[in-house]
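Q: any chance you could fold what I've pasted below:
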Amino acid sequence: MNRPLKRLGFLTIGLFDPADPAAGHESTLQIIELGEQLGFDSAWLRHRHLQYGISSPIAVMAAATQRTSRIELGTAVTPLGLENPFRLAEDLGTVDVLSAVNGVGRINPGVSVGIPMNYEALKEHLYPDTHDVEDFTYARVERLLHNLAGKPVSTFEGTRGVETFSRSIQPHSPGLVDRVWYGGGSTRSVTWAAEHGLNLLTSSVIDAEGDDFATIQRTQIDLFRSLHAEGEAARVSQGLVVIPTDSATPEQVAKYQTYAAARLPRTRQPQQLGPHKRAFFAPDIVGTSEQIAEQLVAHAGFQVVEEVAFALPFSFEHADYLQILTDMATRLGPLLGWQPAG
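A: Presented below is the predicted three-dimensional model:
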């Protein structure tokens with residue numbers, strides 16, 4: 001039986017033209033503002049390094065906190081292999097304080113671990129002295145959680161001269177550590193996330209641990225909740241690529257269908273993403289809200305989630321995103337049982 005959809009979010013890469021990066025970032029901020037106006041519960045930013053997408057989502061979220069008053073903001077996901085958990089905790093705490101409504105922050109850090117993409121090509125600049133000994137395991141998440149929880153990171157506390165020092169990361173934002181999500185797509189990762197009390201982000205890419213994407217995803221979600229201290233109440237968000245066409249022009253519909261068709265072959269069999277990683281990609285879902293809702297209701301993974309962060313396609317125009325988000329909020333969401341926030 002399907003769970004009613006309680007929280008509707010969207011995910012964007014924040015694509016920009018390298019000759020005019022400001023315009024792309026402004027477009028992203030306007031999309032987040034529109035999301036709040038339409039009643040979306042959350043807006044999520046992908047984290048892209050050495051690409052023409054958002055490389056600093058925390059900075060973009062900081063700007064968005066000053067242009068919105070309610071919508072939650074998250075990263076999906078920040079790869080911790082390129083981050084210092086000490087500095088990252090400071091930035092997250094600062095932006096969460098800036099985002100607070102009635103004392104409660106709106107930031108949802110989504111993270112993952114592993115060797116950074118193209119590591120051999122960039123490691124000399126990323127970690128010039130330590131690239132061969134860096135730890136890219138879950139220990140990096142544990143350090144971040146330690147810091148966000150306000151636990152000691154220094155043996156000194158007190159005053160030196162006119163300066164006062166704390167033993168823990170400042171500013172400390174209570175509750176932020178409980179809003180950390182792990183981007184998991186394997187039995188191993190969802191098990192670890194559940195055992196450490198994190199929330200789970202499951203996307204349109206998962207490890208090939210079976211023959212059917214939806215069945216694999218459902219199995220992982222069920223396992224996560226069976227191991228999590230909160231059981232069936234443990235939070236899971238699904239992130240499929242969903243493109244409603246209700247108010248789209250004929251030209252937009254043709255563009256969307258062409259985009260999905262070009263990506264469809266990769267979904268027919270597992271793809272080799274690395275020497276030890278084979279993954280399934282979920283097909284993009286394009287159609288009217290009624291058609292999309294019918295497919296989602298039949299999707300084994302969607303059937304057991306109460307919140308989603310539908311991913312916007314990477315390469316569309318600003319006007320396309322406005323149309324897609326409007327149809328999501330005004331037509332698709334209500335068909336799935338969702339009610340706009342605010």
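Q: tell me which helix or strand of this protein sits lowest on mean pLDDT?
A: strand 271-274 (a mean of 86; mean pLDDT, DSSP states H and E).
Q: for this protein, longest helix please?
A: Longest helix in the chain, counting residues (DSSP state H): helix 21-38.
Q: and the pLDDT at the residue lying farthest from the centre of the chain?
A: Within the chain, the residue lying farthest from the chain centre (CA atoms, centre = their mean) is G161, at 43.0 Å. At G161, the pLDDT value in this model is 96.
Q: how close does it sit to F316?
A: Per CB to CB, to the nearest Å, G161 is found 55 Å from F316. All C-beta atoms are positioned from the backbone trio N, CA, C, and that covers glycine.
Q: cool, I221 as well?
A: 29 Å.
Q: more neighbours: the two, which one.
A: Taking other CB atoms under 10 Å, I221 and F316 do not tie; I221 has more neighbours (23 against 18).
Q: report pLDDT for that one.
A: With respect to pLDDT, I221 scores 98.
Q: residues in contact with the host helix or strand of it?
A: In this assignment (DSSP states H and E), I221 forms part of helix 213-227. For helix 213-227, contacts defined as CB atoms under 8 Å, 6 or more residues apart in numbering pick out 184-187, 190-191, 193-195, 200, 202, 206-210, 231-232, 234, 236, 238, 267, 280-282, 299-305.
Q: which of those residues fall in helices?
A: T187, V190, T191, A193, A194, E195.
Q: which pLDDT value goes with the nearest residue in space to the third one that is not next to it in sequence?
A: With CB to CB, 6 or more residues apart in numbering as the criterion, T191 has its nearest non-adjacent residue at 6.1 Å, and that residue is L227. For L227, the model assigns a pLDDT of 98.
Q: P4 now?
A: 87.
Q: how close does the nearest residue to it once chain neighbours are set aside get to R235?
A: Among residues not flanking P4 along the chain, G337 sits closest, at 3.8 Å (CB to CB, 6+ apart). In this view, G337 and R235 are 17 Å apart by CB to CB.
Q: residue contacts, R3?
A: R3 touches Q303, V304, V305, E306, counting by CB under 8 Å, 6+ apart.
Q: if we use 10 Å, what do you get?
A: Contacts for R3 (CB atoms under 10 Å, 6 or more residues apart in numbering) come out as E232, V236, F302, Q303, V304, V305, E306, E307, G337.
Q: likewise for T267?
A: S204, F213, A260, F280, F281, A282, P283, D284.
Q: quick test: name the residue nearest the centre of the protein.
A: The residue lying closest to the centre of the chain (CA atoms, centre = their mean) is A76, at 1.9 Å.
Q: count of residues packed around the nearest residue to G53 once chain neighbours are set aside?
A: Nearest residue to G53 in three dimensions, chain neighbours excluded: I13, at 4.2 Å (CB to CB, 6+ apart). For I13, the count of nearby residues is 20 (other CB under 10 Å).
Q: distance of I13 relative to P57?
A: Counting by CB to CB, the gap from I13 to P57 is 10 Å.
Q: in stretch 58-75, which residues are buried?
A: 58, 60-65, 68, 71-75 (16 or more other CB atoms under 10 Å).
Q: ok, now stretch 121-139?
A: K123, Y127, Y138.
Q: next: stretch 245-255.
A: For stretch 245-255, by 16+ other CB under 10 Å, it's T245, D246, A248, Q252, K255.
Q: what do you get for stretch 167-175?
A: Buried residues in stretch 167-175, counting neighbours by 16+ other CB under 10 Å, are found at S168, I169, H172, S173.
Q: quick one: the third one and A149 touch, right?
A: I take that to be H172. Yes. H172 is within contact range of A149, at 8.6 Å (criterion: CB atoms under 10 Å).
Q: okay, the longest helix of the chain in PDB with CA atoms only?
A: Below are the C-alpha coordinates for helix 21-38, written out as PDB (Å, rounded to 0.1, in the frame of the first residue of the first chain):
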ATOM      1  CA  PRO A  21      28.200  32.200 -14.200                       C
ATOM      2  CA  ALA A  22      26.200  34.800 -12.300                       C
ATOM      3  CA  ALA A  23      23.200  34.400 -14.500                       C
ATOM      4  CA  GLY A  24      23.000  30.700 -13.800                       C
ATOM      5  CA  HIS A  25      23.300  31.200 -10.100                       C
ATOM      6  CA  GLU A  26      20.600  33.800 -10.100                       C
ATOM      7  CA  SER A  27      18.400  31.500 -12.000                       C
ATOM      8  CA  THR A  28      18.900  28.900  -9.300                       C
ATOM      9  CA  LEU A  29      17.900  31.400  -6.600                       C
ATOM     10  CA  GLN A  30      14.800  32.400  -8.500                       C
ATOM     11  CA  ILE A  31      13.800  28.800  -8.900                       C
ATOM     12  CA  ILE A  32      14.200  28.300  -5.100                       C
ATOM     13  CA  GLU A  33      12.000  31.400  -4.500                       C
ATOM     14  CA  LEU A  34       9.400  30.000  -6.900                       C
ATOM     15  CA  GLY A  35       9.500  26.700  -5.000                       C
ATOM     16  CA  GLU A  36       8.600  28.400  -1.800                       C
ATOM     17  CA  GLN A  37       5.800  30.400  -3.500                       C
ATOM     18  CA  LEU A  38       4.400  27.100  -4.900                       C
END
